[in-house]
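A.B. asks: Quick one, what's the 3D model for this:
(one chain, ligands or ions: 1)
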Amino acid sequence: ERRDPGQPEFLQAVKEVTASLWPFLDRFPEYGRDGLMERLVEPERVIQFRVSWVDDRGQVQVNRAWRVQHSSAIGPFKGGMRFHPTVNLSILKFLAFEQTFKNALTTLPMGGGKGGADFDPKGKSDGEVMRFCQALMLELHRHLGPDTDVPAGDIGVGAREVGYMAGMMKKLSNHAGAVFTGKGLSYGGSLMRPEATGYGTVYFVEQMLHHARRETQGARVLVSGSGNVAQFAALKADELGGKVLTFSDSDGTLYARDGFDAEAIREVAELKNLRRGRLSELAGDARFDYLPGKRPWHIPAEIALPCATQNELDGDDARTLVGNGVVCVAEGANMPSTLEAVDVFLESGTLYAPGKASNAGGVATSGLEMSQNSLRLSWHHAEVDERLHAIMKEIHGHCVRHGKREDGSVNYVDGANIAAFVKVADAILSQGVY
Ligand code: NDP
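C.D. replies: Residues are numbered from 1 along each chain as shown. Alright, predicted model coming up:
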């Protein structure tokens, strides 16, 4: 805390990981050597830069942007770019730190990084978004490369923004090497990448329920957020027989008493993706109740999938969920549960998956996109889905191996943290001190 004052999200992420690691380090003191822990919590490099661009009225706008290159121990830096007015160094350092562990869990050779800007895409025209992305790349391009650092999307950065940034990258580098993942299909994207994080989260839930011998059929599911991850988590949950009750955005929750079927989920997706609208626009629809200013967690359900943003589920929300009989909580978002909420889930015996395990399907499929780009091949839908499924199963297996309690149940937090740590630590220690 003395070293990183004013970085609460980063310190929260480090605390969560180190709480799992201290008991492990007591048992395996060989991992305590060579300043390993000190090196792990210090990004290899942080770049901060100004982005100046011209809006539609001809006014100059100035934003602040960063790229946090956390660890290249097991491969090129890899992690998304986030555009949101709340973006700051603490949030990006926490995301890059988490990403390093998550990427290690995927079994693919990717290091960890994250970047973004305090730019708010809401209410901006297409032209403004394009000019912002291009201006950002004027600086960022020199820090990227297919074997150096490969960004992707995150909150506020979808296919449109990736396209503008990848296009400018090509222009500036005079090189067609694939430096972004999450690209459009017409220029090197992978089938299934848009679906991967949400689908992967639900595949992970299936694994957890199966391992604990619990049923999924007919389970009521709370989804928060209504962006990329939320939409595909909802679609897959519905497809597998769950009843999806909610979506949310930063203004409120949309509640469907009888559940969102695939058609209703598509309507939400169209509203958010094509019209860039707000859920409140569906308030008058007889199928839905709109709950302004509310998050979904007070609604009784068996499964909760937080898919919006960090710290969107606190201790009180967790106690309400547990009181209402929630069985399984799997994070589609990064660090959506506060440390207090995590404790509530662990103490109550709820099946709880931290994002670095349950949402790793997105970056895993980005890894598959990189493989396809290197091979100059495109795998078909079923092939990518099959690999995604296999990776989620493997991550679940790692969590079970490293997180099994004496009574046979699984602490997925410890499991994910220890499995990822062992992989990153072995790579760092093998490569000497630098
Ligand atoms: P999107 O931008 O597509 O959607 C984000 C959703 O979260 C929107 O519904 C948004 O509502 C809501 N949201 C964002 N910020 C806030 C906030 N401060 N308070 C309340 N609601 C908020 O992003 P993604 O779906 O891609 O990402 C969602 C989460 O999943 C993030 O934590 C991200 O890091 C994580 N993730 C994403 C991956 C991916 O492949 N996309 C991979 C792994 C993790 P509104 O419209 O009101 O802003």
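A.B. asks: which residues touch the closest residue to the ligand within the stretch 201-350 of the chain?
C.D. replies: Using Cβ to the nearest ligand atom, the closest approach of the stretch 201-350 of the chain to the ligand is made by residue 227 at 1.8 Å. Bear in mind the C-beta positions are built from the backbone N, C-alpha and C, glycine included. Residue 227 makes contact with 155, 272, 307, 308, according to Cβ atoms under 8 Å, 6 or more residues apart in numbering.
A.B. asks: Could I get those in JSON lines, plus columns for distance to the ligand?
C.D. replies: Written out in JSON lines, the entries for these read as follows (distance: Cβ to the nearest ligand atom, whole Å):
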{"residue": "155", "distance to the ligand": "4"}
{"residue": "272", "distance to the ligand": "7"}
{"residue": "307", "distance to the ligand": "6"}
{"residue": "308", "distance to the ligand": "3"}
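A.B. asks: among those residues, which are in strands?
C.D. replies: The subset of the contacts of residue 227 located in strands under the criterion DSSP state E is empty.
A.B. asks: top of these by neighbour count?
C.D. replies: residue 307 (31 neighbours; other Cβ atoms under 10 Å).
A.B. asks: what's near enough to touch it?
C.D. replies: Residue 307 makes contacts with 198, 201, 223-225, 227, 229-230, 233, 331-333, 336, as judged by Cβ under 8 Å, 6+ apart.
A.B. asks: any idea what sits nearest it, other than its immediate chain neighbours?
C.D. replies: On the basis of Cβ to Cβ, 6 or more residues apart in numbering, the spatially nearest residue to residue 307 that is not a chain neighbour turns out to be residue 332, at 3.4 Å.
A.B. asks: Which single strand of this protein contains the most residues?
C.D. replies: Assignment by DSSP E; longest strand in the chain turns out to be strand 60-71.
A.B. asks: Can you list the strands that it pairs with?
C.D. replies: Counting by DSSP bridges, the strands paired with strand 60-71 are strand 45-54 (antiparallel), strand 112-117 (antiparallel).
A.B. asks: what's next to the longest one, contact-wise?
C.D. replies: By Cβ under 8 Å, 6+ apart, the surrounding residues in contact with strand 45-54 are 60-69, 89, 93, 117, 119, 128, 131-132, 134-136, 139-140, 143.
A.B. asks: hmm, which of these are the buried ones?
C.D. replies: Among the contacts of strand 45-54, those classed as buried by 16 or more other Cβ atoms under 10 Å are 61, 63, 65-69, 89, 93, 117, 119, 128, 131-132, 134-136, 140, 143.
A.B. asks: So which residue of the protein lies furthest out from the middle?
C.D. replies: The centre of the chain is farthest from one residue, residue 58, which by Cα atoms, centre = their mean lies 35.2 Å away.
A.B. asks: for that one, helix, strand, or coil?
C.D. replies: When the structure is reduced to helix, strand and coil (DSSP: H, G, I helix; E, B strand; the rest coil), residue 58 reads as coil.
A.B. asks: Is it possible to get CSV of the contacts of residue 227 that adds distance to residue 322?
C.D. replies: CSV is the format used below for those (distance: Cβ to Cβ, whole Å):
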residue, distance to residue 322
155, 28
272, 30
307, 20
308, 20
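A.B. asks: got the contact list for the residue farthest from the centre of the chain?
C.D. replies: Applying Cβ under 8 Å, 6+ apart, no residues contact residue 58.
A.B. asks: From the ligand, how far out is it?
C.D. replies: In this structure, residue 58 lies at 27 Å from the ligand, with Cβ to the nearest ligand atom, to the nearest Å as the measure.
A.B. asks: distance of that residue from residue 128?
C.D. replies: Residue 58 sits 12 Å away from residue 128, taking Cβ to Cβ, to the nearest Å as the criterion.
A.B. asks: got the residues of this structure near the ligand?
C.D. replies: Residues of the chain found near the ligand (Cβ under 6 Å from any ligand atom) are 84, 86, 153-156, 197, 225-230, 249-250, 307-309, 312, 332-334, 359, 362.
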